[in-house]
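S.K.: coords please:
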Amino acid sequence: MRDIKTRLGGPATIVASLMLTLTGCGIGSESAGDTPPASASPTEQEAIQIPAEDLAGFVLFHSDSESPFITVHDAETGNQKTQIDLSDIFEPGTYWGNIAGAFTLSPDLRYATFASQSGIHLGKLDDTTYTYRETALLTPEKGSSFSGGKIKFEYPQFTPDASQLWVLQTETKGENPEKVFSIDTEDPSGSKPRNIGETPKDLVRKRAEEDFGAPLYAVGPNNEFQEQKKVEAPENSPRGLEYYETESGVAPITFRSDGQGGYYGTTRDTTSEEFPPGLYHFKLSKTGEIKDSEKIVDDEERRISNIWVDHERSRLLIEADHSYYQARFGQTGEPEPLFSEFTFENEETKWSNMMDGVIGFFPPHSS
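M.R.: Coordinates of the predicted model:
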């Protein structure tokens, strides 16, 4: 099961996963009248908040010169809803490679980070300007050690409720385990980073390089850190099935959880009689045993390149041949078409440099 790759605005992802400015103040679907006048009182300005529904949907990353930004698009139509500027946390000239991969977005899109050579820039969404305003530059207490070499904070990831940002403290030398620190997103400067656990050397880096949008760290039900280890799938499993084992169970890499103990994933292994090309629903034990597998969508004519689980609407969102579809939970057969291209509010946004295409699907969160 492979080809599921979200690049979530983090080193995946992810994170996808995943993880942004255009012109002027970077306002997206809101009209100019929604911005408070200069004479507005602080109380009036504080009352303005971007609706949660405008911070939900497909997120695309753009880079216009040295001013990166995201656009948020309706999952039903592909129409642009919001545009958010990330230039305040961007540090030009300090990152080489895929710029999109240096950004990480919180699940509710109210926080963002940029990982640079100087440290991790943390920003919070300013609803009046549609901009992530920098709140902290996160760096370790010590910049180097005699035995460990240069020390850095890398690989940021938000907890599901966005209350914490987890980062990895790495050292350029040695093979010692690497420590994971938690930072309060609401008070990053006033609270000290808290050591919540450690991982084997390079485990998180390798997870990031897998680039399937899966979380870099295993987060327990109460935001607790959980250890994880890579599991090699049995030989009789579908080719491309990759996951980690955690205290809570299976942490998928190349497939998706349905939130109810089952999983969705694709395979294009034409040599398998048990798992011919298609999209499957299945259950999986820690040992890699697949049970109750059911092929729900054929993948013969259209190549499925990505899937996302929309728990709120009990459906799968499918990308195939640059078009988007939905399949309801429990549905088999032909998925419903949604739209074939994303639409933008103006030509300048449409023709800006879109990097990585869709970097993630972000479900609605309460304001």
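
S.K.: Now stretch 113-125: buried residues?
M.R.: Neighbour-count burial for stretch 113-125, counted by 16 or more other CB atoms under 10 Å, picks out 113, 114, 115, 116, 119, 120, 121, 122, 123, 124, 125. Backbone N, C-alpha and C define where each C-beta goes, glycine included.

S.K.: Give me the contact list for that stretch.
M.R.: Defining contact as CB atoms under 8 Å, 6 or more residues apart in numbering, one finds that stretch 113-125 is touched by 19, 50, 84, 86, 88-91, 94-95, 102-104, 109-112, 131-139, 152-156, 165, 167, 183, 185, 188.

S.K.: Show me how to select, in PyMOL, the buried members of these.
M.R.: A single PyMOL command selects the buried members of these (16+ other CB under 10 Å):
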select buried, resi 19+50+84+86+88+89+90+91+95+102+103+104+109+110+111+112+131+132+134+135+136+137+138+152+153+154+155+156+165+167+183+185+188
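
S.K.: Could you list which of the contacts of stretch 113-125 belong to strands?
M.R.: Counting by DSSP state E, the part of the contacts of stretch 113-125 found in strands is 84, 103-104, 111-112, 131-138, 152-156, 165, 167, 183.

S.K.: okay, the buried residues of stretch 113-125 in a markdown table with distance to residue 332 next?
M.R.: Output for the buried residues of stretch 113-125, formatted as a markdown table (distance: CB to CB, whole Å):
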| residue | distance to residue 332 |
| --- | --- |
| 113 | 40 |
| 114 | 42 |
| 115 | 42 |
| 116 | 47 |
| 119 | 49 |
| 120 | 44 |
| 121 | 46 |
| 122 | 44 |
| 123 | 43 |
| 124 | 43 |
| 125 | 40 |
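
S.K.: Pick the one among those closest to residue 73.
M.R.: Residue 73 has its nearest neighbour among the buried residues of stretch 113-125 in residue 125, at 17.4 Å by CB to CB.

S.K.: Quick check: the gap between the closest one and residue 72.
M.R.: Taking CB to CB, to the nearest Å as the measure, residue 125 falls 12 Å from residue 72.

S.K.: cool, residue 302 as well?
M.R.: Distance from residue 302 to residue 72, by CB to CB: 26 Å.

S.K.: what pLDDT, on average, does the longest helix along the chain get?
M.R.: Across the chain, the longest stretch assigned as helix under DSSP state H is helix 203-210. Averaged across helix 203-210, pLDDT comes to 81.

S.K.: so what does that helix touch, helix or strand wise?
M.R.: strand 149-158, strand 228-231 (3 or more CB pairs under 8 Å, 6 or more residues apart in numbering; DSSP states H and E).

S.K.: What are the contacting residues of the helix or strand just after it?
M.R.: Downstream of helix 203-210, the first helix or strand assigned by DSSP states H and E is strand 218-219. Residues from elsewhere that reach strand 218-219 (CB under 8 Å, 6+ apart): 159, 160, 166, 225, 226, 227, 228, 244, 246, 247, 248, 251.

S.K.: which among those residues gets closest to residue 317?
M.R.: residue 160 (19.1 Å).

S.K.: my guess is residue 309 contacts residue 316, does it?
M.R.: Yes. Using CB atoms under 8 Å, residue 309 is in contact with residue 316, at 6.2 Å.

S.K.: Pull up the overlap in contacts between these two.
M.R.: With CB under 8 Å, 6+ apart as the test, residue 309 and residue 316 both reach residue 264.

S.K.: Those two - which one has more neighbours?
M.R.: More crowded of residue 309 and residue 316, by other CB atoms under 10 Å: residue 316, with 23 against 19.

S.K.: Averaged pLDDT, stretch 109-119. What do you get?
M.R.: Stretch 109-119 shows a mean pLDDT of 94.

S.K.: Kindly check the end-to-end length of it for me.
M.R.: Length of stretch 109-119, first residue to last, CA to CA, to the nearest Å: 21 Å.

S.K.: How about stretch 187-197?
M.R.: End-to-end span of stretch 187-197 (CA to CA): 21 Å.

S.K.: hmm, who's touching that stretch?
M.R.: Outside stretch 187-197, the residues touching it (CB under 8 Å, 6+ apart) are 122, 135-136, 138, 165-167, 179-184, 224-225, 227.
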